[in-house]
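Participant: model this:
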Amino acid sequence: MRARVQLDAFDPAAELAGFGAGAGALVTFTGIVRDDGGNLAALEIEHYPGMTERALQDFGDNAARRFDLIDWRIIHRHGRLEVGAPIMMVATAARHRRAAFDAADFLMDWLKSRAPFWKREIGRDGRAGWVAAKDSDEDALARW
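Facilitator: Numbering: from 1, shown residues only. Alright, predicted model coming up:
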């Protein structure tokens, strides 16, 4: 049960080797940098080392207690990420599928609205702007 913040790419399949031994259900989600508007070249993600890892670890531990998880993992990248690059991964393991799905959904909602990352979009035209919080992300978190 651990959280990591890293610059380098990760291999989702390798991350699951030995993950969730004894579980009845494993759920994974890998987020990819996407270009919804047709002008995104990359995302730049910043964080405070130490603080961010602690926050992710605390929230993963909270999810483990809340959903009775056997195992969990959060991986989030930082730095410049091109469109199409894996940006993060959440994996949950539980005795039953509903707990594994709910825990993964819970962690994703928290990551989208509360994780201490700052994201800046870099356009193909070179313009940059910070990504603002979305009401829909807050609404998703409120259901928990």
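
Participant: only C-alpha atoms for contact and neighbour calcs from this point on.
Facilitator: Fine.

Participant: Contact partners for the most far-flung residue of the chain relative to its centre?
Facilitator: Going by CA atoms, centre = their mean, the residue of the chain most distant from its centre is Asp125, 27.8 Å out. The contact partners of Asp125, by CA atoms under 8 Å, 6 or more residues apart in numbering, come to Asn39.

Participant: Residue nearest the middle of this structure, spatially speaking?
Facilitator: The C-alpha lying nearest the average C-alpha coordinate of the chain belongs to Met88 (CA atoms, centre = their mean; 4.4 Å).

Participant: and it, what element?
Facilitator: Secondary structure from DSSP states H and E places Met88 in strand 86-94.

Participant: okay, that strand in CSV with CA atoms only?
Facilitator: Extracted as CSV, the C-alpha positions of strand 86-94 are listed here (Å, rounded to 0.1, in the frame of the first residue of the first chain):
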residue,chain,number,x,y,z
PRO,A,86,0.3,8.2,-18.9
ILE,A,87,-0.2,10.8,-16.1
MET,A,88,-1.4,8.7,-13.2
MET,A,89,-2.6,5.3,-12.0
VAL,A,90,-4.8,4.1,-9.2
ALA,A,91,-5.1,0.4,-8.3
THR,A,92,-7.3,-1.1,-5.6
ALA,A,93,-7.6,-4.6,-4.4
ALA,A,94,-10.4,-5.9,-2.1
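
Participant: Could you pull out the strands in the chain for me?
Facilitator: 2-6, 25-32, 40-47, 69-77, 79-82, 86-94, 117-123, 128-130 (DSSP state E).

Participant: Tell me which of these sits most buried.
Facilitator: Compared across these, strand 86-94 shows the largest average neighbour count, a mean of 25 (mean count of other CA atoms under 10 Å).

Participant: re the thing from before, paired strands for the strand holding Met88, with orientation please.
Facilitator: The strands that strand 86-94 pairs with in its sheet are strand 25-32 (antiparallel), strand 69-77 (antiparallel) (by DSSP bridges).

Participant: Which among those strands is found nearest to Glu46?
Facilitator: Closest approach to Glu46 among those is made by strand 69-77 (9.2 Å; CA to CA).

Participant: Which residues does that closest one contact?
Facilitator: Against strand 69-77 from outside (CA under 8 Å, 6+ apart): 1-9, 19-23, 45, 56, 60, 63-64, 87-95, 99-100, 103.
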